[in-house]
Structures are given as C-alpha cells and as structure tokens.
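Enquirer: starting from these lines, generate the structure:
(chains A, B, C and D)
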Protein chains: 2
Amino acid sequence: MSLDIDSALQLRRNQSLTSIIRHELEQMIERGELSAGERLNENALAAKLGVSRGPIREACRGLEQSGLVNVIVNRGVFIRALDGREAAELYEIRAALYGLAGRLLAPIVTDQQIAILTGYVEEMDAAMAAGDLNSFYPGNLRFHEAIVEFGGNTRLAAECAAIHREMHLLRRRTLDMPGRMATSNDEHRAILERIAARDPIGAEAALEEHVLISRSALFGPLGHYPDA
Amino acid sequence: MSLDIDSALQLRRNQSLTSIIRHELEQMIERGELSAGERLNENALAAKLGVSRGPIREACRGLEQSGLVNVIVNRGVFIRALDGREAAELYEIRAALYGLAGRLLAPIVTDQQIAILTGYVEEMDAAMAAGDLNSFYPGNLRFHEAIVEFGGNTRLAAECAAIHREMHLLRRRTLDMPGRMATSNDEHRAILERIAARDPIGAEAALEEHVLISRSALFGPLGHYPDA
DNA sequence: CTTTTGCTGATTGTCAACAGTTTAAGATTC
DNA sequence: GAATCTTAAACTGTTGACAATCAGCAAAAG
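Expert: As a prediction, this is how the structure comes out:
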C-alpha cells in the first residue's frame, strides 16, 4: 500500500510543476492538439491547469530552447512552424545521427538485441498486412529508439528523441502515405540485416538512406525545399 | 543618429531580461567563471544583476534544456559536470555533425570561402609559430564555425554551437596541450584540402578524424572512458 | 474614402511576498 | 568525543499583483 504513496512522493520529489507542464505541453504537441503557429495563452493555460503563470512561463522557456516553440517578446509564445527548409535541415541531421547510431551498434550488438529488433520488424509486417497504420507507427518508433539505445550513446539517444519530438511540428507525416509502409519496412529489414552482420559501415549507410528516403517521400525525389 | 536609437530599440525589442540573463550565464560558463558542480544562488544572482528571481529562474530553465546546468528540485541549479563518459559521447556526436558539415560544404564551396578558410589556417600557423595559444584558439573556433556555416544547414550550425558551448563544461581542454597545436593545424590543412577538392567523402572523413583525434588527445589513444 | 490618432481590453514582463523544504549549526545524549 | 536530535536560517517553489506593451476599433483629420 505504501508503494503508491512512495511513488507519488517520489514523483513529486523530482518533478516540479514546471517539468510536469513542460512534459504535458510536449505531449500536446506530439498529439497534434497544439498546431503550428498557434499562440499559447499563459492566462488560459494557467487557469486550465490550475496553476499560476510562473511555472508555465518557465516551462515555455524550456520548450523554446528545445525548439518546440518560438517566443516573441511582448507578443507571446507560438508553436513553432517548420518550413520546408528547416524540415529538410532536420532530416539531414537526423540521417547523420541515426547513421552514427547504426555504426556504433553494429560492432557490439548482442543476439538478444537482434531478436528484439527482429520482433519489431515482424510486428510491423503484421501491421502492414492488416493495413493498420496505427499499430505500424509505434513499432516503427520503437525500432528506431531501440537502435539508438542499444548503441550505448545515451546522449545520442536523447538527441534523437528531441529531433523526433521536433518533427511533430510538421503537418504532413511521411508515414501517412500507406504505400510507404511496405518500402519502409523493407528498409528496416535491410538495416537489421546489416546490424546483424556486425557491419558498421553498412548499417550506417542503410540508416542514413532510410532517413533520407523518408525525406524524399515528404519533399519529392530531389529532397528539394518546397518553400524557400 | 537615429541608427543608434533604432538599434537600441531593436535590442530591447527582442531581448527580454530572461534572454539577456541566459546569454550572460552562458558566457560566464564559457569564460570558466562558473565551474562545474557549482550551485547558482538565485537570490545572490538576482541581487547582483539587479533583477528579481523570476527572469533568473526562466533563464535557468533554458540552460537546463540546453544541457548546461542540472536542476534538482528544492535544491537548486548546478553547473553541469561532464564526466568522462558523457564527454566521450559528446565527441562522438560532434564528430558525426562536423563530418556532415564537411560533406555538405564540399560540393558547394565557393572560391571565396576557400580563401577565407585558408586565411584562418594561416592565422593559426602564425599563432603556432609564435607559440601563442591565446590567438590560436579563436582562429580554430572560427575555422570550424565557418565550415558549418558555409555548409548551408543553419540548424546544423546551431547544433554545433550548442555542443561547443557544452564542451566548456570540461575542465581540461584538448588544445591546452601545446604539442597538439601543430598536429591540429596539419589536420586543418588536410580538411581544407579535401574541401577545396570538392570531395564530400574525403572532407567528411577528415573532419570526423579531426574531432576523434581531439578526443584521443583528451582521453588517451583508445578514446576510452576514464571514469565509468 | 483613406489615413492617422487616441482609446480600451487583453496579454505579457517583472516584481515582491508567502509556503514548504533543505541545510547547517548548536544542543543533547550516550 | 561521536552520534543524534532540535531548531533556526537560507533557499527554492509558487502565487498574486502591478507595470508595460500590444491588438483592435472607433473617431477625427486630410
């Protein structure tokens, strides 16, 4: 019984209102409840969450630094809108980071980790066969998360997660296109195969290519920036 | 005359106390006036800067998100200390990002940009000949900054700058070792040569190697983590 | 009719005060 | 003398209030 109390206290102990609110706002952005360009009203948010404006302002300063919102002095904080150029830039960085993750993982991957990754790919196969995008997406997410985590560079994992969060500022999602599911999972299989072969260079190349193909699916084959 | 007024207004227009304080704290960390592990006293800082605690707390939440400080609930904000593992992780990421920058720049570099980069290398040569570390360091900084900026990915440039700021949390600096200056500039010359040859792969490799050699100079030839 | 000027309400920036927690020093016990 | 308990000072978390700024609209000037 005291477990609940303890865990609640533990939660309260290293989470201030600020961090709770920041996390809540991050999730609202991830779920698309806050759309790009929208303005956050401090008073309204404070009233809605039952807190004062102080913690909300602090949370917004954190979000600003992680690129999720834009703060304009005396005008407020706005959910950041990624234009085509910024999105393309982010994809380039993401490709390099995932490539690094694959290169790090390949030499040290364990058989158990390979099994886990294989499981994710098979999950995605099943989702694909059922045409179920809603269960494909989380599998896809966990597959990529696992690769960067197994790679052992915890900071890299955090950085990839941050970029992933920022990607939600894009309205169109690559995977929204049903046709992309099949080819995407083919690429996953290729990535997995190179990792299982303990081939750092091959894994790096496969992951970079995978991300850049995603970008192409969004921007067209040239990876060109739609709006300057 | 109105130029001064305009620029002053412009300054005041997009700089709140929070952003000014954050910038000031970043610079204090960069200059080493705040050393790793040290605690920031909100009251003392507020008194010293002549503001209230609100803007200071907001600035600290920004610094927290960019990894420069560590916030512990009810205990305060502490200048973050990079242990060996975290530093090594950061070097790995940095190597990948600079490699990307070089790969991006090589195909599009202009003759004028090559001239600028050459100028930096020659500046560093002069500083080296004079044994003047204090003028070698800024040249080194500008050389790397220029490469990521000329590469055209502004977000990548911002990310590299953020990582560079975070590196100042390390006490020992690679370039502190005088013997490293000469070899370091040899590497710069190799990087420049590959960029001038419009060779993306070569430039990427040269930049990655340069960063990883810096890491070795810090951690020993194996790039191994001194403290777990 | 268009442009400018002057309000009004809403919203943000900043501050000072209060409540709860941590820290550290002093008192007490063994 | 060492360890533990007590207590007060210091500090952080949070709040509500005040000042400054901005957006929108109506009235006046051209």
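Enquirer: tell me how chain A divides into domains.
Expert: Chain A breaks down into these domains under automatic domain parsing: A:2-79, A:84-219.
Enquirer: against DNA strand C, how distant is the residue minimising distance to the centre of chain A?
Expert: The centroid of chain A falls nearest to residue A:164 when counting by C-alpha atoms, centre = their mean (2.2 Å). From residue A:164 across to DNA strand C, the span is 27 Å (C-beta to the nearest atom of the strand, to the nearest Å). No exception for glycine: its C-beta is placed from N, CA and C like everyone else's.
Enquirer: do the same with residue A:142
Expert: Counting by C-beta to the nearest atom of the strand, the gap from residue A:142 to DNA strand C is 35 Å.
Enquirer: element containing the residue lying closest to that residue once chain neighbours are set aside?
Expert: With sequence-adjacent residues excluded and distances taken as C-beta to C-beta, 6 or more residues apart in numbering or on different chains, residue A:142 is closest to residue A:120, at 5.6 Å. In this assignment (DSSP states H and E), residue A:120 forms part of helix A:111-129.
Enquirer: what does chain A have sitting close to chain B?
Expert: When proximity is defined by C-beta under 8 Å from any C-beta of the partner chain, chain A lies next to chain B at A:13-16, A:18, A:54, A:57-59, A:61-66, A:72-73, A:86, A:89-90, A:92-93, A:96-97, A:99-100, A:104, A:153-156, A:159.
Enquirer: only the buried subset of these, as a ChimeraX command please.
Expert: Here is the ChimeraX command that selects the buried residues among the residues of chain A next to chain B (16 or more other C-beta atoms under 10 Å in any protein chain shown):
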select /A:16,18,54,57,58,59,61,62,63,64,65,66,86,89,90,92,93,96,97,99,100,104,153,155,156,159
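Enquirer: tell me who's in contact with the residue nearest to the centre of chain A.
Expert: A:141, A:144 (C-beta atoms under 8 Å, 6 or more residues apart in numbering or on different chains).
Enquirer: helix B:154-167 and the helix or strand harbouring it, what's the angle between them?
Expert: Under the criterion of DSSP H and E, residue A:164 resides in helix A:154-167. Between the axes of helix A:154-167 and helix B:154-167, defined by axes from the mean of the first three to the mean of the last three C-alpha atoms, to 10 degrees, the angle is 140 degrees.
Enquirer: chain center to helix A:154-167: distance?
Expert: Taking C-alpha atoms, centre = their mean, to the nearest Å, one finds the center of helix A:154-167 at 6 Å from the center of the full chain.
Enquirer: where does chain A have low pLDDT?
Expert: A:1-14, A:172-178, A:220-228 (pLDDT under 70).
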